[in-house]
Structures are given as structure tokens and as C-alpha cells.
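Chemist: structure for the following, please:
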Amino acid sequence: MKKENIILRLLKNIYFKNLLLMAGAVVVLVVIVLILLNFYTKHNESITVPTVKGLQVQEASGILSSSDLKYEISDSIYQAEGAAPGSIIEQIPKEQSKVKKGRTVFLVIKAKSEQMVAVPELKDYSRRQAEAQLNSLGFSKITIQEVPAAYKGLVISISYKGKQLTPNQKIPKGAALQMTVGAGGESSEDDSISDQTDSQDIEKSFFE
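Modeler: As a prediction, the model looks like this:
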């Protein structure tokens, strides 16, 4: 009887009732969070990236869409040999990778023709400046030829396949170039005129 009285008293106590309600609310909240978390992890369940390398973009598009994946062409590279023009030569993430649904797969395709790039006027640029500008345009195969010139380190000309390029002439991206640079050791025209004038002045004063 005493135990029942104690329980009844506790149930009638407003503070105890509030504690019970708070405890119940916490339990309900934890259950809801667990259910939502379980739903979320299943909703974003990882999937395997299919292999689309070697396929045309139209074919790859259907395969990726059926796997709930998006795609984006990130680059186009020209290759003389290998896969067919327009086909995918690289994919990121790689095939068989685990990703979430809706992820974008970046594709690199083989260009159908060589990409042509205009080479700007680089005459009288420093060798370092000219090389940096050519590298930014996709030219990394650059051989340097030094010739006697009035100013050391300045670009005299840029050549492709033995022919000097004109300003903004277009050539295949990544082609091998030859840069002719001054090596010094040769007097400038102004210096030659100055030397000639000094010589004439000395000769004139000698005979006077």
C-alpha cells in the first residue's frame, strides 16, 4: 500500500510529470532521428560508376543517365592514332569507383581535328617571358637556338617546321617550336655608327 501511495503521489506531482514528459519527448526525438538517418543513407546510397571509356558521348549519355549520374565534357584532346574521333578517352571518376547518385562524371574526348592556336608576336620579348606565354598556350616542346646579336636574351624569331612564324599565325596546339634568341657578342647599329664617328674624329684631329 505504501509503495502504491508513493507512486500515486509521484504521478500527481507536477514536476515528476514534467520529467516524464521530457524523457518521453527525448525518446521520440531519438527514434525520429534514427529513422530519418536510415532513410537518408539509403537515399544517397553509393553506386558504381559504369565504364564509358571508348564510347561516343551519345552512348555514354544514356548509360550514365540510367545510373542516375550526370556528365560534363571537361576537355578535348587531339591524337593522331588510337580511339575513334569523338570517343571518350578518359573519365573522372574512374570506372568502378563508388560515388553518390547525381554525381557528375567528367569526360575527356578525342578531338576530330587538330586544335589550331594563334602564336602572338614575341619578337624582342625576353626568353623567359616568351617561353611562359607559349607554355600557357599549350606549347611545351621548345628548342632554343642562340645566335650572335646586339642584345642578349631577347627573342629574334619563332619557327615551326623550319619556317619563321608571322604574328598571330595559327599552328597545331602542342607543336614543336624553335625559338631563336640573341646571345650577345655583336655590336648594335648605333654602337657601330658611334664607333665610326669617333674614328673619323680621331683621324681628323691627327691630320690637323
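Chemist: low pLDDT regions in this protein?
Modeler: 1-12, 16, 38-45, 80, 187-208 (pLDDT under 70).
Chemist: now the strands for it?
Modeler: Secondary structure of the chain (DSSP state E): strands at 47-48, 70-77, 88-92, 98-99, 104-110, 116-119, 142-149, 155-160, 163-164, 169-172, 177-185.
Chemist: can I get these in a markdown table with mean neighbour count and distance to Ile14?
Modeler: Quick note: C-beta positions are derived from backbone N, CA and C, even for glycine. Output for the strands of the chain, formatted as a markdown table (neighbours: other CB atoms under 10 Å; distance: least, CB to CB, whole Å):
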| stretch | mean neighbour count | distance to Ile14 |
| --- | --- | --- |
| strand 47-48 | 14 | 54 |
| strand 70-77 | 13 | 57 |
| strand 88-92 | 18 | 63 |
| strand 98-99 | 14 | 54 |
| strand 104-110 | 18 | 57 |
| strand 116-119 | 15 | 82 |
| strand 142-149 | 13 | 87 |
| strand 155-160 | 18 | 91 |
| strand 163-164 | 11 | 98 |
| strand 169-172 | 15 | 86 |
| strand 177-185 | 17 | 89 |
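Chemist: in TSV, list these along with distance to Gln129.
Modeler: Below are these laid out as TSV (distance: least, CB to CB, whole Å):
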stretch	distance to Gln129
strand 47-48	48
strand 70-77	27
strand 88-92	32
strand 98-99	43
strand 104-110	30
strand 116-119	14
strand 142-149	13
strand 155-160	8
strand 163-164	19
strand 169-172	19
strand 177-185	11
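Chemist: just how off-centre is the lengthiest helix in the chain within its chain?
Modeler: In the chain, assigned by DSSP state H, the helix with the most residues is helix 14-43. Relative to the centre of its chain, helix 14-43 is centred 48 Å away, using CA atoms, centre = their mean, to the nearest Å.
Chemist: could you do stretch 95-114 as well?
Modeler: The answer for stretch 95-114 is 15 Å, by CA atoms, centre = their mean.
Chemist: end-to-end on it?
Modeler: Terminal residues of stretch 95-114 are spaced 28 Å apart (CA to CA, to the nearest Å).
Chemist: could you shift the numbering so residue one becomes 249, and keep it that way?
Modeler: Sounds good: first residue 249 from here, last item stretch 343-362.
Chemist: what lies in contact with it?
Modeler: 292-301, 305, 308, 312, 316-327, 330-341, 420-421 (CB atoms under 8 Å, 6 or more residues apart in numbering).
Chemist: show me what contacts the nearest residue to Gln426 once chain neighbours are set aside?
Modeler: Using CB to CB, 6 or more residues apart in numbering and skipping the chain neighbours, the partner closest in space to Gln426 is Ser407 (4.4 Å). Residues near Ser407 by CB under 8 Å, 6+ apart: Leu413, Leu425, Gln426, Met427, Thr428.
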